[in-house]
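In: structure of the sequence below:
(chains A and B)
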Amino acid sequence: MDLLFLFEWIDTSMLAEISKAYGGVFAVVQTFHLGAMVLLGGMILVGDLRLLNITMSDIPAPVVLKNTERWVGYALVAIVLSGIFMMSAVAIKLYYNVFFLSKMVGLFMGVCFFYLIRKPLLNGDHSELNPWSIKIIAVTSILIWFSVAASGRWIGFS
Amino acid sequence: MLNQLLFDLALWLDAQQWSTDLHESYYVYNWVESTHVLTLIIFLGMLVVIDLRMLGYIFKDVPVSKVAERLDKPMMFGFAVMVVTGFLLYYAIPVRTTTSIWFRIKVVLLIAAGINALLLRNITKQENLSWDNDPVPPRRVRISGGLSIAFWAGVIMTGRMIAYDWWDCHKAMPGFMYWAAGCVNELAELD
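Out: I've put the predicted structure just below:
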């Protein structure tokens, strides 16, 4: 399905008028985006590093995951809202940008992986799970979110 | 005096071939910058967890010292790589960075964040962590945690703003701004 119409609609929206006209507002929103990324990255990493027994190994993994999961949700909301605003400034350009597409696919995969696999699977008793499955979940999670952050950074270079 | 010294240092770095090569290499420069941002996520991501614990928002059942100690290694790893890549980014574009008002504010905020961390370290030593198990630590600890988040948010913001040329030396600005940004040539012209 061609989504060009969606990008064209965003490009002519009121949001785009603001993001294109006020460079200062855009820069501040960009900062929020980066801050939310830090929050998301921190919470995901702490959880995944615990699952890999690299850090916090004397704190039960379910306790670490329970504490960090709520903040992942907050960060994702902030990332998506600030991201839509930033996208509106260069919507048509982003439609043709391969790194943007890569980031969006990664983000979609990351959200699905987090809410449909990582969270439901690891909210139960970990002793019932194969330890390797837990490690594979953690590594997959890190790789997905790394790809989102890296491709997001490369949007600016392309 | 200090402005001239920093400007001369920047000119000396800028004259080196490696600085030019790094700046002009599409892949190396962009990967250094990407690594800087990605390790910033590791360092600040860990730090924000510790700060939120000090504010009493997260890991309320886990002692503050335990959270801080366990996250110290990945945090310092991120910090080390971030510092190295940060120096490389400065080395690649020394003159413009030295005369960027945003870069200067960023350095001030980095120093402020460092002082705040040292002060907190002193508080914890003096009080022997009597509040370590409290779900919500005392007010002074929460203030320190809040300040840490605020300073680092400022570092992110000013770091991001360096890319914008709103107050670069070639723009018309009040004399104070030329001084604050270290635009020595423009200041000399004003005199």
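In: use CA for all of it now, contacts and neighbours both
Out: OK.
In: can you give me the distance of the closest residue to B:Val184 other than its chain neighbours to chain A?
Out: Of all residues not flanking B:Val184 in the chain, B:Gln4 sits nearest, at 6.4 Å (C-alpha to C-alpha, 6 or more residues apart in numbering or on different chains). Using C-alpha to the nearest C-alpha, to the nearest Å, B:Gln4 is found at 30 Å from chain A.
In: what do you get for B:Asn122?
Out: 24 Å.
In: can you check B:Leu129 too?
Out: Counting by C-alpha to the nearest C-alpha, the gap from B:Leu129 to chain A is 19 Å.
In: three-state assignment of A:Thr55?
Out: coil (DSSP: H, G, I helix; E, B strand; the rest coil).
In: before we move on, back to that, just the element for the residue nearest to B:Val184, please.
Out: For B:Gln4, the element it lies in under DSSP states H and E is helix B:2-14.
In: now swap in A:Asp2 and tell me
Out: A:Asp2 belongs to no helix or strand, assigned by DSSP H and E.
In: the residue in chain A positioned nearest to chain B: what's it in contact with?
Out: Among all residues of chain A, A:Gly42 sits closest to chain B, at 3.4 Å; criterion: C-alpha to the nearest C-alpha. By C-alpha atoms under 8 Å, 6 or more residues apart in numbering or on different chains, A:Gly42 lies in contact with B:Ile41, B:Ile42, B:Leu44, B:Gly45, B:Met46, B:Val48, B:Val49.
In: filter those residues by proximity to chain A?
Out: Among the contacts of A:Gly42, the residues that sit close to chain A (C-alpha under 8 Å from any C-alpha of the partner chain) are B:Ile41, B:Ile42, B:Leu44, B:Gly45, B:Met46, B:Val48, B:Val49.
In: ok, of these, which one's closest to chain A?
Out: B:Gly45 (3.4 Å).
In: where exactly do the helices run in the chain?
Out: This is for chain A. A:4-11, A:14-21, A:23-51, A:61-89, A:91-95, A:98-112, A:119-122, A:131-155 (DSSP state H).
In: oops, I was thinking of chain B
Out: B:2-14, B:17-24, B:26-55, B:64-92, B:94-98, B:101-127, B:139-161, B:175-181, B:184-190.
In: any residues of chain B in contact with chain A? List them.
Out: B:30, B:34, B:38, B:40-42, B:44-46, B:48-49, B:58-59, B:67, B:70-71, B:153, B:156-157, B:160-161.
In: so where's chain B uncertain?
Out: Of all residues in chain B, none has pLDDT under 70.
In: got it, and chain A?
Out: A:1.
In: kindly report the residues of it close to chain B.
Out: A:27-28, A:30-31, A:34-35, A:37-43, A:45-46, A:55-56, A:64, A:67-68, A:149-150, A:153-154, A:157.
In: could I have the buried ones of those residues as PyMOL selection syntax?
Out: Of those, the buried ones go into a single PyMOL selection, burial set by 16 or more other C-alpha atoms under 10 Å in any protein chain shown:
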select buried, chain A and resi 27+28+30+31+34+35+37+38+39+40+41+42+43+45+46+55+56+64+67+68+149+150+153+154
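In: fine by me, we can end here.
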